[in-house]
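Asker: Structure here, sequence nowhere to be found:
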């Protein structure tokens, strides 16, 4: 097999554009090698697929294997296509494999661009249902929705009223949204998050309130510091790119800096972050981490579910917010940690089967409830 052909074959398989013979090739590879998939590197995979391509008696067009998703999970787990899952400790998988259990006709789709805008007068506008173009006007501001699901605030009057007027944008569980503020700052809101901000910033500062998770690219203005306020901390910047995670069910409030500089203030304590650093605030105390996987932190903004060395509870909290599911646990505690990457556009069964392919965790889906089992 020529260099790169295996990668192209696997990518076609994932995209659903394989021929029946190509599907059979990939699935035959799975059936032959699934017990040892994790030990194969890319070169070994190229060799094995090349051998199979030359020697395997492929089934006819009407006899393709039915285990497409299981095969995809094993192939994806290898990692070089960009979508993969793996164990990050040495815990051995259980000997007995259990199939992913679904209730009939049950499909849990991923989240999407969904949010509600609350104007200063209390009027609520569903951004999910609103058409493109102008959707509202506030004092000196035009509010527009773009075709790609972004909300823009445009200044129409250079002399706004003196009264401070606030808007709030809230995403539900299973929602996300992008906002362009009047000063040019870009905000990406993750699921179950909220942004409260004045439609006109004052002359001394730009202050917003955020709950949940958001990624911000702050427009530079040295005369007006940009402050993100959460219960328990204040993040101050002049112009920078950073991610803030303040979900109530996470152990710490996390601020991760990608570019520029930020100052974290809480309970009389302060810390300055450099690019690549992360602050963790717990009970008014700040801990600064120097080695942070920034790609993991902002993966959600780039339409990926991606993590490294996470316990199953942390993984499931992430999935719970994006897929709008209820999670329960049964059986012994799962001590394995996981890593992986998959598109956020995939249905949840794809993600769960990738995790199951590690052999260390299994799932049962009933309606919107996902039960986690060892």
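Answerer: In hand now; what should we look at? No experiment lies behind these values; they were computed from the predicted model shown.
Asker: all contacts plus neighbour counts: C-alpha atoms, from now on.
Answerer: OK.
Asker: isn't residue 128 right next to residue 114, touching?
Answerer: Yes - contact criterion Cα atoms under 8 Å: residue 128 and residue 114 qualify, at 5.0 Å.
Asker: okay, and the common contacts of these two?
Answerer: Residues touching both residue 128 and residue 114 by Cα atoms under 8 Å, 6 or more residues apart in numbering: none at all.
Asker: which one of those two has more residues nearby?
Answerer: Comparing residue 128 with residue 114 by other Cα atoms under 10 Å, the one with more neighbours is residue 114, at 20 against 15.
Asker: who's in contact with that one?
Answerer: 126, 127, 128, 171, 172, 174, 175, 176, 177.
Asker: isn't there a helix covering residue 360?
Answerer: No - under DSSP: H, G, I helix; E, B strand; the rest coil, residue 360 falls outside any helix and is assigned coil.
Asker: how far away is it from residue 350?
Answerer: Note on residue 360: its distance to residue 350, by Cα to Cα, to the nearest Å, is 16 Å.
Asker: Compare these two (neighbour count), which wins?
Answerer: Neighbours per residue, other Cα under 10 Å: of residue 360 and residue 350, the larger number sits with residue 360, 22 against 16.
Asker: Make sure the more buried one is actually in contact with residue 333.
Answerer: No - counting by Cα under 8 Å, residue 360 sits too far from residue 333 to count as a contact (10.9 Å).
Asker: Identify the contacts common to these two.
Answerer: By Cα under 8 Å, 6+ apart, the residues touching both residue 360 and residue 333 are residue 374.
Asker: Tell me where the chain is predicted with low confidence.
Answerer: Applying pLDDT under 70 to the chain flags residues 1-11, 13-15, 21-105, 158-162.
Asker: in the sheet, who's paired with residue 141?
Answerer: Counting by DSSP bridges, residue 141 is bridged to residue 138, residue 155.
Asker: Could I get the contacting residues of it?
Answerer: Residue 141 is in contact with 153, 154, 155, 156, 157, 199, counting by Cα under 8 Å, 6+ apart.
Asker: Restricted to buried residues, select those residues in ChimeraX.
Answerer: A single ChimeraX command is used to select the members of those judged buried by 16 or more other Cα atoms under 10 Å:
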select :153,154,155,199
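Asker: Throw the contacts of residue 141 into CSV and include distance to residue 110, thanks.
Answerer: Shown next, in CSV, are the contacts of residue 141 (distance: Cα to Cα, whole Å):
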residue, distance to residue 110
153, 28
154, 31
155, 34
156, 37
157, 40
199, 31
